[in-house]
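Chemist: Starting from these lines, generate the structure:
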Amino acid sequence: MPETQPPTNETSVIPFDFESYGVFVRIDGNLQEMVDDAEKVLRVSLLNKVRPVRRKTFDLIIKLDRTTRTRILYQNGKEIARGGTRRKFFKFFDSVIRIAVGELAPGLVFLHAGVVGWKGKAVIMPADSFKGKSTLVSELVRNGAEYYSDDFAIIDSAGLVHPFARRINRRTEDFKTYDISVEDLGGTSGTKPIPVGLVLFTEYKAGARWSPKLLKPGQGALEMIPFTLCLHDRPDFSLEVLNNIASNAIIISSLRSTAEKFAKTLLNYIDKRIN
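Modeler: Below is the predicted model:
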């Protein structure tokens, strides 16, 4: 149910109200600076797919307060985080806003996955954080694949994957993060929705050999469930989309070697099996 914005005592603060991917959001706070900083972050986070609106009810209300000692983040009236440096606080907000929109976006399923396009078909690689999906996406782009996302596979009811080409988030060996653009890789980004050709479940293991196991549609759909953001809020729609993908795409699972060695192997496999 939409959340109705309660009265606020901070009359000098102007909230930022917007729509993104069909989700209506209000960003509020006890200081205008907090609201303005949040707007700057979310415009980057959501690739500026942000349309300011004027309305009284919202699907999501996020409030960011700052006191003399700390910063506090509320989601629909519930405190979900406090403290941290300004950089860490807004990095967490960046994650919160993307996930919340992904959970609520009507008519779309957001999968936590890396995505590239290869000869008109999407290659989706569901994975948790720290499993190397950004590294693999980067290497596939270096080898000619179109960049779609290293964050979410955004899939509509027809089974088409939409671009979400944020800057690619990479980590150093000591887990420090940095961003690179698709241009840094000498690649290009996809610009239009494309059907799913392959879903790959993989992770790096030293010395691993590529030995793809073909999953049946039912098993493939089940394997995608843990990465599906909207499953809790819209289980029927989520399962319908996942089953559609599983029925029309090849779904495989295998450990892999380093991304540098594996990228060409994967693209050659796709050429033989799909294109």
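Chemist: all contacts plus neighbour counts: C-alpha atoms, from now on.
Modeler: OK.
Chemist: pLDDT at residue 171, what is it?
Modeler: With respect to pLDDT, residue 171 scores 71.
Chemist: And for residue 186?
Modeler: 93.
Chemist: now do residue 11
Modeler: pLDDT, read off for residue 11, is 59.
Chemist: go on, the one 4 residues further on?
Modeler: pLDDT for residue 15: 98.
Chemist: Burial check on it, number of neighbours?
Modeler: Other residues near residue 15 come to 21 when the count uses other C-alpha atoms under 10 Å.
Chemist: and residue 240, backbone torsions?
Modeler: In terms of degrees, to the nearest 10, the main-chain angles of residue 240 are phi -60, psi -40.
Chemist: same check, this time on the one 4 residues further on
Modeler: For residue 244, the backbone dihedrals are phi -60, psi -50 (criterion: degrees, to the nearest 10).
Chemist: Could you pull up the contacting residues of it?
Modeler: residue 159 (C-alpha atoms under 8 Å, 6 or more residues apart in numbering).
Chemist: out of all of them, which strand in this structure is the longest?
Modeler: Using DSSP state E, we find that the single longest strand of the chain is strand 108-118.
Chemist: Give me the next element, helix or strand, following that one.
Modeler: Sequence order places strand 121-126 as the next helix or strand after strand 108-118, per DSSP states H and E.
Chemist: what mean pLDDT would you report for that following strand?
Modeler: Across strand 121-126, the average pLDDT comes to 98.
Chemist: Same check on stretch 268-275?
Modeler: The average pLDDT within stretch 268-275 is 87.
Chemist: Can you give the distance of that stretch from its chain's centre?
Modeler: Relative to the centre of its chain, stretch 268-275 is centred 26 Å away, using C-alpha atoms, centre = their mean, to the nearest Å.
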